[in-house]
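Student: Turn this into a structure:
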Amino acid sequence: MRPPRWVKIITMAALIFALVYFLMPIIWVMFASTKTNSQLLTSSGFWFGDQINIAANYNTLMEWTQGLFWRWVGNSLFYSTFAGVVGTLISVAAGYGMAKFAFPGRGVTMGFIMGGLLMPVALLTIPLYIVFHNMGITNTMWAIIIPSCVSPFGVFLGRVYAETSVPTELIEAARIDGASEARIFFTMVLRLLAPAMVTIFLFIFVATWNNFLLPLMMVATSEIRPVTLGLYGMMSYFAPPKGAVMMGALLGVIPLIILFLGLQKFWQSGLAAGSVKG
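Tutor: Modelled structure (predicted):
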């Protein structure tokens, strides 16, 4: 069965509109990163100004950040990668346990985890700060990493994928052969859930990279700031060079673009991994 021609036309028009809608901010930032403050106000947002100030804006960015910009990018990359790897393993392990093990309170536990999806992250930031301050780990990398490793949405996705992609018969056969639960999980389950793990990793990676309020509350030292908090520090000055800030934003988003393009194949297969039950 093929869809009618008018359905194809509407679908293509919607996709083109979505493409333009999501690309326009990136294109605007690309042109804005080559301009001065005055050029941002007098020239078109989707074309260059009278002068292209790429080198000047980059030098200004390095000067205003005291040479810490690339360190902030490295910090964001470290936070996001560490939280993504650990958070993915936690989410998949918890989801697999919820899906394949029967234990008292499983439904209640899953209900609490699903309730975590309804809690705004900003609502938890102040309680987390109080707890971490009493533990003495505020203004450290752990204050950002530990909360970022927990993802209720990742646990939910892990359970959905484990229910549909991990055959119970395969697990029982491995148990009969004498395999331990740890060996089953690390040698069999993780391989079956590899595409789903890429999806969970990307969600956690992007959420950690874009997190702003948590680092703002937890971190005061410039050397351990993520790039989002560092650029905010530039914007807090009176009349900051917005072209340099836009260049920082553009350079700061390049790792995300590379990650999505590199893992696009696995991400798409991961999104479909739990859609059909085998």
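Student: Would you map the helices across the stretch 101-250 of the chain?
Tutor: Assignment of helices within the stretch 101-250 of the chain using DSSP state H, counting those that start in this stretch yields the ranges 106-117, 121-135, 142-148, 152-165, 168-176, 181-184, 190-192, 194-210, 213-218, 227-235, 242-262.
Student: Give the buried residues for the fourth one.
Tutor: Okay, so that is helix 152-165. The neighbour-count check on helix 152-165 (16 or more other Cβ atoms under 10 Å) flags 152-165 as buried. From N, CA and C alone the C-beta is placed, and that goes for glycine too.
Student: Find the residue ranges of this structure scoring beneath the pLDDT cut-off.
Tutor: The chain contains residues with pLDDT under 70 at 1, 237-238, 266-278.
Student: In it, where's the longest helix?
Tutor: helix 69-100 (DSSP state H).
Student: Quick check: buried residues in it?
Tutor: Residues of helix 69-100 classed as buried under the neighbour-count rule (16+ other Cβ under 10 Å) are 69, 71-73, 75-77, 79-84, 86-100.
Student: the inter-axis angle of it versus helix 194-210?
Tutor: Compare the direction of helix 69-100 with that of helix 194-210 by axes from the mean of the first three to the mean of the last three Cα atoms, to 10 degrees and you get 140 degrees.
Student: so helix 69-100 versus helix 168-176, what angle?
Tutor: Comparing the axes of helix 69-100 and helix 168-176 via the same axes, to 10 degrees yields an angle of 90 degrees.
Student: Check which helices and strands helix 69-100 sits against.
Tutor: If contacts are counted by 3 or more Cβ pairs under 8 Å, 6 or more residues apart in numbering; DSSP states H and E, helix 69-100 sits against helix 106-117, helix 142-148, helix 152-165, helix 194-210, helix 227-235, helix 242-262.
Student: For Ile10, find the nearest of those helices.
Tutor: helix 242-262 (26.6 Å; Cβ to Cβ).
Student: Let's verify the residue nearest to Ile27 when sequence neighbours are not counted: helix, strand, or coil?
Tutor: Closest residue to Ile27 apart from its sequence neighbours, by Cβ to Cβ, 6 or more residues apart in numbering: Phe46 at 6.2 Å. State at Phe46, reduced to three classes by DSSP: H, G, I helix; E, B strand; the rest coil: coil.
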